[in-house]
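Asks: I'll drop the sequence and a predicted model, then ask my questions.
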Amino acid sequence: MTETGVALRPVSEEDLPMLEALTNDPRAAGPFEWHGWHDPHFLRRRWAETGMLAADNGMLMIELDGQRLGFVSWHKTRTGSTSYCWNAGLVLIPEARGHGYGTEAQRLLVRYLFAHTQMNRVEASTEAGNVAEQRSLVKAGFTREGVLRGYGFRDGAWRDHVLYAVLRSDLEVG
């Protein structure tokens, strides 16, 4: 727990309807996370296979006083011929956006990944137009590293993203 009361926990089977809505319903996903219709059974298969926690990726629910607010996720990304980092993401229900819960969830995820894995870097990117998420990443301790031009395809267009990262040593200093 933190001063905001936000906590992360493993996904349970009862969470699957919310996860499906946040990833396959344009109103729930929001303008920056809606990437079109896709396989509606993907998350249930992933749940059955791994419980949403695997060696190279994972997902945790975000809660506040027992209420589900959304989820954080991560996957292994190659950074060199023999090196990798975590790439992290976050999706909140519409009612939870703009209250600092996402910022705290990202802080908790970074601490979790550094405490339980040997990776040295957690990175996250967001569309250049998603100013709220950019502010959230900075507040969560990420450093802006640059713009990735034409990086993500959404809503019929290639869009620039802004890349942020936090290193293990960033937490050790602070």
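Replies: Everything's here; your move.

Asks: For stretch 123-138, list every residue counted as buried.
Replies: Residues of stretch 123-138 classed as buried under the neighbour-count rule (16 or more other CB atoms under 10 Å) are Glu123, Ala124, Ser125, Thr126, Glu127, Ala128, Asn130, Glu133, Gln134, Ser136, Leu137. C-beta coordinates here come from the backbone N, C-alpha and C atoms, glycine included.

Asks: so what's the fifth one up against?
Replies: Each residue near Glu127 by CB atoms under 8 Å, 6 or more residues apart in numbering is listed here: Phe32, Glu133, Gly152, Arg154, Arg159, Asp160, His161, Val162.

Asks: now do the second one
Replies: For Ala124, the contacting residues are Asn87, Ala88, Gly89, Leu90, Gln106, Leu137, Phe142, Leu163, Tyr164, Ala165, by CB under 8 Å, 6+ apart.

Asks: Help me confirm that it is found in a strand?
Replies: Yes. Residue assignment for Ala124, taken from DSSP: H, G, I helix; E, B strand; the rest coil, places it within a strand.

Asks: For the protein, which segments are assigned as helices?
Replies: If you assign secondary structure with DSSP state H, the helices in the chain sit at 16-24, 26-29, 42-50, 101-116, 131-139, 168-173.

Asks: quick one, which of these is nearest to Val6?
Replies: Between Val6 and the helices of the chain, the shortest gap by CB to CB is with helix 101-116, which sits at 4.2 Å.

Asks: most tightly surrounded among the helices of the chain?
Replies: For the helices of the chain, the stretch with the most neighbours on average is helix 101-116, a mean of 20; neighbours defined as mean count of other CB atoms under 10 Å.

Asks: pLDDT of it, averaged?
Replies: The predicted model gives helix 101-116 an average pLDDT of 97.

Asks: Which strands or helices does it pack on?
Replies: Taking 3 or more CB pairs under 8 Å, 6 or more residues apart in numbering; DSSP states H and E as contact, the helices and strands that helix 101-116 lies on are strand 6-10, strand 57-64, strand 67-78, strand 84-92, strand 121-127, helix 131-139, helix 168-173.

Asks: can you redo these as CSV with distance to Gly98 and mean pLDDT?
Replies: Output for the helices and strands packed on helix 101-116, formatted as CSV (distance: least, CB to CB, whole Å; pLDDT from 0 to 100):
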stretch, distance to Gly98, mean pLDDT
strand 6-10, 14, 97
strand 57-64, 14, 97
strand 67-78, 12, 96
strand 84-92, 9, 95
strand 121-127, 15, 96
helix 131-139, 7, 95
helix 168-173, 26, 84
